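Participant: With the input below, show me the fold.
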Amino acid sequence: MFETMRPPAPDSLMEVGRLFRADMRDEKIDLGVGTYRDGEGRIKIMAAVKQAEERQLKSQMGKGYLGPGGDQLYCERLMEALFPDLPAMADRRLSFVQTPGGTGAYRLGLELAAFRSPASRLIVGAPTWPNHIPVAERAGLRSVTYRHYDPATGTVDFDAMMEAVSDARPGDLFLLHGCCHNPTGAALSPAQWAELADALLEAKLLPLIDLAYAGMARGLVEDAAGTRRLLDRLPEAIIAISCSKSFGLYSERTGMLAVMAASPSAADACRLTAETFARSLWSNPPDHGAAIVRTILGDEGMRANWLAELDAMRHRLAGIRSRLAASGLPGTEPIAAQEGLFAMMPFDSGQIAAMREKHAVYMDMSGRINIAGLNAGNIDRFLHACRDMSHPANRRAEPNSSLRDVASTMQV
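Facilitator: Down below sits the predicted model:
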């Protein structure tokens with residue numbers, strides 16, 4: 001059966017990680033996979049998470065299945081933390097399913113949408129997280145792309161986004177990053193979120209919001225404000241929520257799918273259908289991470305400690321952005337106004353390969369860097385490597401397609 005099977009092309013980010021681990025140089029810098037690192041380069045367990053785990057260790061009496069829908073108290077507390085006093089919750093028009101990470105939530109939301117409307121397409125702004133389109137294809141949905149990012153200004157190409165909305169067909173899904181865009185860091189303004197909400201309503205599109213980094217830009221509720229604008233304006237929405245970054249629970253695979261419907265009965269039908277799909281995809285979600293989040297959000301002291309830690313993470317990222325923007329390197333000025341873990345460096349693939357070989361700096365070939373990989377101990381070396389690669393003699397290839405203009409009209 002498997003004699004003729006050929007391996008797929010490697011995932012670019014996973015390949016960066018593999019190359020980094022194989023490099024024996026002490027001075028190597030990892031700017032690849034999107035995990036938050038502290039000022040010493042560690043993926044550290046948050047103190048509030050440790051507190052919650054200690055409580056769980058003492059109080060947990062069994063390891064039974066949660067059921068396909070998962071821990072509903074976890075879901076409710078997480079939703080209330082992100083969207084306090086949301087009318088759709090009071091009206092019982094929201095349904096929740098706990099999922100294995102944000103990717104599980106995203107896949108489950110796509111399965112639900114494809115089941116209800118198999119002819120719908122997923123409208124995706126480019127560049128985006130590399131897994132968005134492959135996961136949609138696995139769910140049987142066709143993806144259509146438009147130019148999301150303007151590399152000349154380091155901002156969202158809002159005109160192209162609005163054109164994509166008007167060119168879409170009623171019933172299409174419109175993918176959005178709730179905050180902290182991956183890979184660009186470019187953000188929509190409150191006014192743009194409001195205009196987008198009106199346009200999606202008029203075009204009869206279903207927003208699918210990937211909310212993976214809440215709390216890492218301006219604050220927990222503040223980072224969910226754009227998504228809330230959509231929930232307040234539209235009758236339906238799908239939200240894929242991840243706790244990997246906000247709680248540092250990368251290996252615990254802690255996520256949630258939230259579906260907003262036009263009525264309580266429709267919301268309940270969405271939940272039951274999603275649970276049926278979850279049963280066939282992973283049967284039951286893992287308990288540990290959800291129990292940690294539920295415990296933190298249910299305890300005033302732990303919650304305050306967690307929010308303080310999240311604030312410290314956000315301020316550290318903002319400091320790195322300011323340092324990069326003030327470096328004088330071409331194309332870095334917009335980084336200060338962007339948000340989250342990621343930024344795009346204006347290097348071509350030859351320069352990126354040369355940085356890896358000459359300076360032991362590892363980033364994705366698209367030019368995306370995880371700025372949390374920078375700290376007081378390595379940022380000067382990184383900036384030195386960037387200046388070295390900015391010299392005309394070190395341009396060895398054409399600019400990356402992700403940094404060129406993507407077609408402003410939608411393309412398959």
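
Participant: Okay, helices next: where are they in the stretch 201-350 of the chain?
Facilitator: For the stretch 201-350 of the chain, the helices defined by DSSP state H, counting those that start in this stretch occupy 220-223, 225-233, 264-281, 288-297, 300-325, 349-359.

Participant: Buried deepest among these, which one?
Facilitator: helix 288-297 (a mean of 24; mean count of other C-beta atoms under 10 Å). To be clear about C-beta, it is placed using only N, CA and C from the backbone, and glycine gets the same treatment.

Participant: Which elements pack onto that one?
Facilitator: helix 47-59, helix 72-82, strand 254-260, helix 300-325 (3 or more C-beta pairs under 8 Å, 6 or more residues apart in numbering; DSSP states H and E).

Participant: now that helix against helix 47-59, angle please.
Facilitator: With axes from the mean of the first three to the mean of the last three C-alpha atoms, to 10 degrees defining the directions, helix 288-297 sits at 110 degrees from helix 47-59.

Participant: Strands along this structure, start to end?
Facilitator: 29-30, 94-100, 121-126, 142-147, 149-150, 155-156, 173-177, 206-211, 237-242, 254-260, 342-344, 361-362, 368-370 (DSSP state E).

Participant: Reformat those as JSON lines; add mean pLDDT, mean neighbour count and distance to Ala278.
Facilitator: Below are these laid out as JSON lines (pLDDT from 0 to 100; neighbours: other C-beta atoms under 10 Å; distance: least, C-beta to C-beta, whole Å):
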{"stretch": "strand 29-30", "mean pLDDT": "96", "mean neighbour count": "24", "distance to Ala278": "34"}
{"stretch": "strand 94-100", "mean pLDDT": "98", "mean neighbour count": "26", "distance to Ala278": "6"}
{"stretch": "strand 121-126", "mean pLDDT": "98", "mean neighbour count": "22", "distance to Ala278": "20"}
{"stretch": "strand 142-147", "mean pLDDT": "98", "mean neighbour count": "20", "distance to Ala278": "23"}
{"stretch": "strand 149-150", "mean pLDDT": "96", "mean neighbour count": "22", "distance to Ala278": "33"}
{"stretch": "strand 155-156", "mean pLDDT": "98", "mean neighbour count": "19", "distance to Ala278": "33"}
{"stretch": "strand 173-177", "mean pLDDT": "98", "mean neighbour count": "25", "distance to Ala278": "19"}
{"stretch": "strand 206-211", "mean pLDDT": "98", "mean neighbour count": "24", "distance to Ala278": "17"}
{"stretch": "strand 237-242", "mean pLDDT": "98", "mean neighbour count": "26", "distance to Ala278": "13"}
{"stretch": "strand 254-260", "mean pLDDT": "98", "mean neighbour count": "28", "distance to Ala278": "9"}
{"stretch": "strand 342-344", "mean pLDDT": "96", "mean neighbour count": "26", "distance to Ala278": "29"}
{"stretch": "strand 361-362", "mean pLDDT": "97", "mean neighbour count": "24", "distance to Ala278": "36"}
{"stretch": "strand 368-370", "mean pLDDT": "96", "mean neighbour count": "27", "distance to Ala278": "30"}
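
Participant: now those in a markdown table, with distance to Leu110?
Facilitator: As requested, the strands of the chain are exported to a markdown table (distance: least, C-beta to C-beta, whole Å):
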| stretch | distance to Leu110 |
| --- | --- |
| strand 29-30 | 31 |
| strand 94-100 | 12 |
| strand 121-126 | 7 |
| strand 142-147 | 10 |
| strand 149-150 | 23 |
| strand 155-156 | 23 |
| strand 173-177 | 8 |
| strand 206-211 | 7 |
| strand 237-242 | 8 |
| strand 254-260 | 10 |
| strand 342-344 | 23 |
| strand 361-362 | 31 |
| strand 368-370 | 23 |
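
Participant: Could you list every helix and strand in contact with the worst-scoring helix or strand of the chain on mean pLDDT?
Facilitator: With mean pLDDT, DSSP states H and E as the measure, the helix or strand of the chain carrying the lowest mean pLDDT is helix 12-22 (a mean of 90). When contacts are defined as 3+ C-beta pairs under 8 Å, 6+ apart, helix 12-22 packs onto strand 361-362.

Participant: Tell me how far the residue nearest the centre of the chain lies from Ala360.
Facilitator: When C-alpha atoms, centre = their mean is applied to the chain, the residue found nearest the centroid is Ala212 (4.0 Å). Separation of Ala212 from Ala360 (C-beta to C-beta, to the nearest Å) stands at 29 Å.

Participant: Now do the contacts for Ala48.
Facilitator: For Ala48, the contact set (C-beta atoms under 8 Å, 6 or more residues apart in numbering) comprises Ile296, Met302, Arg303, Asn305, Trp306, Glu309.

Participant: Tabulate the helices and strands packed on helix 288-297 (TSV), appending distance to Met161.
Facilitator: Output for the helices and strands packed on helix 288-297, formatted as TSV (distance: least, C-beta to C-beta, whole Å):
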stretch	distance to Met161
helix 47-59	36
helix 72-82	23
strand 254-260	21
helix 300-325	23
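
Participant: So which of those is nearest Val124?
Facilitator: strand 254-260 (18.7 Å; C-beta to C-beta).

Participant: okay, now the domains of this protein?
Facilitator: 12-45+303-403, 51-300 (automatic domain parsing).

Participant: For the ones you listed, could you give me a markdown table that also reports distance to Phe2?
Facilitator: Below are the domains of the chain laid out as a markdown table (distance: least, C-beta to C-beta, whole Å):
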| stretch | distance to Phe2 |
| --- | --- |
| domain 12-45+303-403 | 22 |
| domain 51-300 | 20 |
